[in-house]
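Participant: quick one: sequence plus predicted model below, questions after.
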Amino acid sequence: MSPQTPENIHQHELIGLTIEILSATDKQRIGLKGLVIDETKNLLVIEPFPTATLGQRQRIKVPKKDCIFRFTLPSGEQVDVEGWVLKGQPENRLKKSIRKRW
């Protein structure tokens, strides 16, 4: 399998990547940073990084379709992804091709 790049992030494993929520319908989740620990068809499960105001928090389930995410790849490169691109079963994303619209 090829290394994770911004162009093919939708076809790779997201579990273990650092994530930040840039936009969400639930305004309380905007700015949330953490680690992706699980993924389902419609949700990402995030373990937030502890902060002075939040302290240690429980895992948070975030709907994919309602958010824009910023992932940090193992190379340190950051990529912004609209949640609808990630929607679907993780094992089926490999088959999914994204058509660019210009």
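Facilitator: Sure, I can see it. Numbers count the residues shown, from 1 in each chain.
Participant: look up phi and psi at residue 9.
Facilitator: With angles defined as degrees, to the nearest 10, residue 9 sits at phi -60, psi -30.
Participant: how many neighbours does it have?
Facilitator: Neighbour count for residue 9, taken as other Cβ atoms under 10 Å: 21. The way it works is simple: take the backbone N, C-alpha and C, and place the C-beta from them, glycine included.
Participant: pretty sure it is in contact with residue 71, am I right?
Facilitator: Yes. Checked against Cβ atoms under 8 Å, the pair residue 9 and residue 71 is within contact range at 6.3 Å.
Participant: common neighbours of the two, please.
Facilitator: Counting by Cβ atoms under 8 Å, 6 or more residues apart in numbering, the shared contacts of residue 9 and residue 71 are 79, 81.
Participant: next up, the contacts around the closest residue in space to residue 62 that isn't next to it in sequence.
Facilitator: Nearest residue to residue 62, sequence neighbours excluded (Cβ to Cβ, 6 or more residues apart in numbering): residue 44, at 5.1 Å. Residues in contact with residue 44 (Cβ under 8 Å, 6+ apart) are 14, 19, 36, 38, 61, 62, 64, 69, 86.
Participant: for those residues, which one is nearest residue 76?
Facilitator: Lowest distance from residue 76 to the contacts of residue 44 (Cβ to Cβ) belongs to residue 19, with 14.4 Å.
Participant: that's a strand at residue 75, yeah?
Facilitator: No. Residue 75 sits outside any strand when classified using DSSP: H, G, I helix; E, B strand; the rest coil, being coil.
Participant: that one and residue 9, how far apart?
Facilitator: As for residue 75, its distance to residue 9 is 12 Å (criterion: Cβ to Cβ, to the nearest Å).
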